[in-house]
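Visitor: Everything below, folded, please.
(chains A, B, C and D)
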Amino acid sequence: MQGKGLLTGMGITFREFFRKKVTEEYPDVQPDLGDRFRGGKIHLVASKCIACGLCQNACPNGSVRLTTVKDANNKRQLATYVHDTGLCLYCNLCIEACPTKCIEWTKEFALSSYSRDGLVFDCLEAARQRGDVKPPEAPQPDGEKG
Amino acid sequence: MQTQTYELNMGPQHPSTHGVLRIILELDGEVVVKATPVIGYLHRGIEKICEGKTYGQTIPFTDRMDYMHSMNNNLGLCQAVEKLMGLEVPERAEYIRVIMAELSRIASHMIYAGALVNDLGGVTGFVFLIRDRERILELFNKACGARMTFNYIRIGGVQQDVPEGWVEECRRFVDDFPEMMHTYNGLIMGNEIFQARMKDIAILPPDRAVAMAASGGVLRASGVNYDVRKDDPYGIYDRFDFDVPLGTKGDNWDRFIVRMQEMEQSIRIIDQALKQMPEGPVMAKVPKVIKPPVGEVYHHVENSKGDLGYYVVSDGGMKPYRWHARRPAMVNLQLLDELCRGYKIADVVAILGTLDPVLGEVDC
Amino acid sequence: MVKFLLDEFEPAQLSNLLGQEVAIAGEGVSRALIVTPEQLIATMEALVTKLGFDYLGDLTSVDRGAEGLEVVYHLYSLTNQREIRVKAKVDAETATVPTVTTIWPGADWFEREVYDLMGISFAGHPNMTRLLLPEDFEGHPLRKSYKLQKRV
Amino acid sequence: MNSNPDLLTSLAGSIRSVLSPLIGNPDGVDMAMYGVGLLAVITLIFTNAVILVWGERKVAGFMQSRYGPNRLGPWGLFQSIADVLKLMSKEDYRPKLVDKWVWALAPIIMFAPAVAAYAVLPFGKDLVPVDLNIGIFYFIAVSSITTIPLLMAGWGSNNKYSLIGGMRAVAQMVSYEIPLVFSMLGAIMLVGSLKMSSIVEAQSHIWFVFLQPVAFLVYVIAATAETNRAPFDLVEGESEIVAGPLTEYSGMRWAMFFLGEYANLLAVSAIASAVFLGGWQPLPLPGALGDMMHAIPGWIWFALKTYIMIFVFMWFRWTFPRFRVDQLMGFGWKVLLPLSLANILVTGVGIFLYRVAIGG
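Guide: This next block holds a predicted model:
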């Protein structure tokens, strides 16, 4: 009969009227992002970093940028470490490339900014502010590190 | 009476062009005389960009082509490279890939149906579909931490195994799916207005569909039985028992209903895959630097939009010499003009909806 | 199950069948039928009529640098479930091959895309204009000579 | 005078008693009372539009398993007030190429007939602002003016989407006006009067929805089309023609259209409740229950019925997809019109037979 489908549809919407709602009341209730969440910015544990640059090489879009200096032991140390979230594809390749597992995602996802500069995060500076710095090593006696 | 046709620019900013598609409509009153799609507003030059990336780095870019069915985009590229390298993928990874690709197909078809219903003015159907799609995205989020651009399927396997409890949750989704389908049947497919809007509109004959290289639901709605999963089984698709839904007429209604039935078939595949899935590793032994041998490969997979092909040329280095994707949505979009002619403006959005273009893929 | 056409026929056999002197290059999954632009239409028509390649899978192009350009066709037969790769070689200066829209109308946008990005024009195409890039764009990005700009 | 004066009638009475010594002349007092009525109606339209916008969003939300507005105030009640404030503070922007006068006049003309139509709505016993002898006729005449501003907006905007929308508006509203009028004709035939109060009084024993079910159905469908609501929202048809005639409007001008739209929605629902659902008459229940029903003031009954009708219209909107323009015209002329004509015929024959039965 013509009109049966219309009534069925109305029945469905009417039933839905009284069902439980699925709204997530976002700013009041923070979403559960899950353990494997990929997003936010890079959290760098500076004390574990060996400044190998593999994360920079793994990045498809040049969003992870770092520079190194040689320290007294002729060992590479981080000079800068920048995560440009505006370029980031959130592909996880940098995290997987890290041999010492010293980078991971933060769960801050609300990163919008009025300018592109606001999307560039200095991860090393953030690490310093957390007090996470590499303990300065005494010059080693053999000094033969290449 | 002397009348004149006039031109109407539909898009690139328009509520129902599914992104930044522009259609130059030549209209006679409300009747379409000619519809010229203009694309390229979302062109990012992915093919050129990928020539400068390593093979592994090109996978995230495929996510951004058909962002509704990203898992399958990953899958196609990875299998193409694996084919070139002659790489065997572990069993468990194969099953996870199939489950992910089919879940992703359902999610994509949900967006497709939802957007189409929304274009026809039925907002509630759209919201219901989006609501249920959320459960799939949640599954993806649990498995790889991303809801849309996954980069989960990798050359040689998948990024990591699914977490504890994931299989059970996926199983619950599979069990709940018939009820969801029942709701859609009642609200959308059973609705007489919706049927009147869709039936006998924009008929595409099968021989024309083949000649225009249409694929996916558009081709199958015309009754041509071509599904890459069946005709050229990739991965382990030959192990599953599923049907290829076919249309009879090739009108809007067939193009819609074929995909709705495909969702049910995908559920069947997931169901079997969940039952058969073995334990084991999820990543093959892959060298750190992937250097396929000199040569070239073309591999195609069945995307939710159609026949998605990857053509990868290797010069033996770590970066592809040439990287090309055959994007089904772009090919299907060619049909827009001939399908729209003689129908009304309101039908243009419906036809566009049934062709299901994702502009990220069309423009690439 | 799809069969790769070149598995079934010897090169000489194929040349005989197609009525053209065609070469086969590559090995394994990389094998392709090589034709000249002059042979292209006759070969394609023979493939359609004699071997049932009714479906145009893909149409793209490769810039081989000094060896010139290649237009690559991936054909598929829905009736016989076969696939084949055909390549037409042209040099970068002339860069013109005949259109296959007469055989498969669906090649329209494929060819426009190749024209747009690789700069190979297709003789006889009904509407040989840029597809993705703006009309006033200079150069063809997929040519190896086209250098990507650095991000500023 | 009213046997049991309720809140609103006694309020009107007290205003009148305050005014009459001040003015003296009884005609002047009547005029002043019309002014008070107009003020009351305009207040009603504004507050009602605000409530309806909120209600519409809530209904939409609840039907789509969401909450709808829930940020401002309890249950998001202040959301539409915030929206109104936003709309009022927006820049009055006029696109360069519009036809200035036609474009600027359209929202005002949209609003005026919507207000004028309220003159004859029977809000309760003795609460009809102007109880004209030709009340229904007046309502039909005035509400059909709504077509013109939409065409003006569509034409004056100098935008093809708007023009298409304006043309659709004319085609649709003119076509559906006819079944709308014919559907009410059955009820009018039963009453034998065009006066609103008589129509409502005539339903004290049985509501016309039971005597005229087909007419009610036709009325509801035609009214949906007349107010441009889904599944007949082709005029705005967002996914096809962006926003139809409203495309180039923003801020307060756009809000005027919106206000007119919701005023119309309330008006057609009110007419539905007056003509088919017994207006201010309480639920006809027997015995003590019926007395309890009578204790509730008439205007509450009227408001209740009207809002139930509005809910039904919203329910339609959030369930159905949109018609296509040719289907819409076909449905109007090929289904609704014959149906309403047949209804008139059947009603006429029924009345004749009834008279024969009584008279004989």
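Visitor: low-scoring pLDDT stretches of the stretch 201-350 of chain D, where are they?
Guide: D:285 (pLDDT under 70).
Visitor: contacting residues for B:Glu51?
Guide: B:319-323 (CB atoms under 8 Å, 6 or more residues apart in numbering or on different chains). The C-beta positions use only the backbone N, C-alpha and C, and glycine is treated the same way.
Visitor: Closest to A:Gln129 out of these?
Guide: B:Lys319 (38.2 Å; CB to CB).
Visitor: could you check the distance from the closest one over to B:Val313?
Guide: Taking CB to CB, to the nearest Å as the measure, B:Lys319 falls 11 Å from B:Val313.
Visitor: which parts of the stretch 251-364 of chain B sit against chain D?
Guide: By CB under 8 Å from any CB of the partner chain, the part of the stretch 251-364 of chain B that sits against chain D consists of B:344-349.
Visitor: what about B:Lys319 and B:Val313, which has more around it?
Guide: B:Val313 (24 against 17; other CB atoms under 10 Å in any protein chain shown).
Visitor: Nearest to chain A among the contacts of B:Glu51?
Guide: B:Lys319 (11.3 Å; CB to the nearest CB).
Visitor: Not counting its neighbours along the chain, what's nearest that closest one?
Guide: B:Thr54 (5.7 Å; CB to CB, 6 or more residues apart in numbering or on different chains).
Visitor: And for that neighbour, the neighbour number?
Guide: Around B:Thr54 there are 19 other residues, counting by other CB under 10 Å.
Visitor: show me the contacts for it.
Guide: Shown in contact with B:Thr54 (CB under 8 Å, 6+ apart): B:289-290, B:318-319.
Visitor: repeat for D:Ser340
Guide: The contact partners of D:Ser340, by CB under 8 Å, 6+ apart, come to D:178-179, D:182-183, D:185, D:214-215, D:218.
Visitor: What helix or strand is it located in?
Guide: Element membership of D:Ser340 [criterion: DSSP states H and E] is helix D:337-359.
Visitor: about what we covered before: for the contacts of B:Thr54, please prepare TSV with the additional fields secondary structure.
Guide: Formatted as TSV, the contacts of B:Thr54 follow (DSSP: H, G, I helix; E, B strand; the rest coil):
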residue	secondary structure
B:Val289	coil
B:Ile290	coil
B:Met318	coil
B:Lys319	coil
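Visitor: Now distance to C:Val48 too, for the residues you listed, in a markdown table please.
Guide: Output for the contacts of B:Thr54, formatted as a markdown table (distance: CB to CB, whole Å):
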| residue | distance to C:Val48 |
| --- | --- |
| B:Val289 | 42 |
| B:Ile290 | 37 |
| B:Met318 | 39 |
| B:Lys319 | 36 |
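Visitor: quick one, strands of the stretch 1-150 of chain B?
Guide: Counting by DSSP state E, counting those that start in this stretch, residue ranges of the strands within the stretch 1-150 of chain B are B:6-10, B:22-28, B:31-38.
Visitor: Other residues contacting the longest one?
Guide: Yep, that's strand B:31-38 we're talking about. Strand B:31-38 has contacts (CB under 8 Å, 6+ apart) with B:5, B:11-12, B:21-27, B:333, B:336-337, B:340-345, B:347-348.
Visitor: Could you list which of the residues of the stretch 251-364 of chain B next to chain D also contact chain C?
Guide: Of those, not one also sits near chain C (CB under 8 Å from any CB).
Visitor: Look at C:Val72 and give its secondary structure.
Guide: Strictly by three-state DSSP, C:Val72 counts as strand.
Visitor: returning to what we had before: quick one: which of the contacts of B:Thr54 has the most company?
Guide: Within these, neighbour counts (other CB under 10 Å) peak at B:Ile290, which reaches 21 neighbours.
Visitor: where does the stretch 101-250 of chain B dip in pLDDT?
Guide: Scanning the stretch 101-250 of chain B residue by residue, none of them satisfies pLDDT under 70.
Visitor: Which positions are bridged to B:Lys344 in the beta structure?
Guide: Beta bridges link B:Lys344 to B:Val31, judged by DSSP bridges.
Visitor: where does it land on pLDDT?
Guide: You'll see B:Lys344 listed with a pLDDT of 88.
Visitor: Does it touch B:Glu30 like I think?
Guide: Yes - if you go by CB atoms under 8 Å, B:Lys344 and B:Glu30 touch, sitting 4.8 Å apart.
Visitor: On the three-state scheme, C:Val86 is what?
Guide: Following three-state DSSP, we place C:Val86 in the strand state.
Visitor: Give me every residue in chain A lying close to chain D.
Guide: Residues of chain A lying close to chain D by CB under 8 Å from any CB are A:6, A:9-10, A:12-14, A:16-23, A:25.
Visitor: any idea which of those is the one closest to B:Ile155?
Guide: A:Val22 (37.2 Å).
Visitor: Correct me if wrong: that closest one contacts B:Arg131.
Guide: Yes - contact status for A:Val22 versus B:Arg131: in contact at 5.7 Å, counting by CB under 8 Å.
Visitor: more neighbours, these two?
Guide: Using other CB under 10 Å as the criterion, A:Val22 and B:Arg131 rank with B:Arg131 on top: 18 against 14.
Visitor: and that one, how far is that from A:Arg19?
Guide: Separation of B:Arg131 from A:Arg19 (CB to CB): 11 Å.
Visitor: what about residue 79, neighbour count?
Guide: Looking at chain A here, since you left the chain open. A:Ala79: 12 surrounding residues under other CB under 10 Å.
Visitor: not what I meant, chain C
Guide: Neighbour number of C:Thr79 under other CB under 10 Å is 11.
Visitor: And it, its phi and psi?
Guide: Backbone torsions of C:Thr79, given as degrees, to the nearest 10, read phi -80, psi -40.
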